[in-house]
Each structure stands twice: as structure tokens, then as C-alpha cells.
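J.: sequence below, structure please.
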Amino acid sequence: MPLYECSLYAGEVYFSRSIMADGPKHAATLFRFDVAGGKLPEGDIMVRDKKGNRHRFTWSLEQVEK
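T.: Okay, the predicted model is just below:
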């Protein structure tokens, strides 16, 4: 499984984590479950693969067009 860099800005709080996943949406899903325990407000999840491609997902995991 490839490694993805995931990040989320929630107000003044920033979360970032490297996650091994089967794809960008899978990485966003795992990341969301990781940070959901912090009872964060909804925000967009940014996912970057090792080639530098960026993907953006809403908190409900809908992909945002570039």
C-alpha cells in the first residue's frame, strides 16, 4: 500500500498524518476516523500522494474538483 500525507485545518487547529492506504479516498476515510475523536468541526481533508498529486475531500468524503 502506498503512503499518503493527509491534513486538515479545523479553525486554529491543524492535523497532519502519514497514512498507508489503497487510494486517496481510502486515506481520507482513515484520516477522518483518526481525528474524529477530537470532535472537530467539519473541514476539508487534503490528501497528497508521493508523486505530489493533491486530492481534496469534504468531511463527508465527497471529492472536490480541482
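
J.: ok, residue 4 - how many residues close by?
T.: 24 (other Cβ atoms under 10 Å). Where C-beta positions appear, they are placed from N, C-alpha and C, glycine not excepted.

J.: equivalent analysis for the one 10 residues further on, please.
T.: Per other Cβ under 10 Å, the neighbour tally for residue 14 reads 9.

J.: quick one: contacts for it?
T.: Contacts for residue 14 (Cβ atoms under 8 Å, 6 or more residues apart in numbering) come out as 7, 8.

J.: got the confidence number for it?
T.: Model confidence at residue 14, given as pLDDT, is 86.

J.: cool, residue 24 as well?
T.: Reported pLDDT for residue 24: 95.

J.: ditto for the one 4 residues further on
T.: At residue 28, the model reports a pLDDT of 92.

J.: hang on, isn't it packed against residue 44?
T.: No - in this structure, residue 28 is not within contact of residue 44 by Cβ atoms under 8 Å, at 9.6 Å.

J.: comparing those two, which residue is more hemmed in?
T.: residue 28 (26 against 15).

J.: give the next helix or strand downstream of the host helix or strand of that one.
T.: Taking DSSP states H and E as the definition, residue 28 sits inside helix 24-35. Using DSSP H and E, the helix or strand that follows helix 24-35 in sequence is strand 45-48.

J.: check which helices and strands the helix or strand following that following strand sits against.
T.: Once strand 45-48 ends, the next helix or strand along the chain (criterion: DSSP H and E) is strand 54-57. Helices and strands touching strand 54-57, by 3 or more Cβ pairs under 8 Å, 6 or more residues apart in numbering; DSSP states H and E, are helix 24-35, strand 45-48, strand 63-64.

J.: quick one: which of these is nearest residue 5?
T.: Taking Cβ to Cβ, strand 45-48 is the member of the helices and strands packed on strand 54-57 nearest to residue 5, at 4.6 Å.
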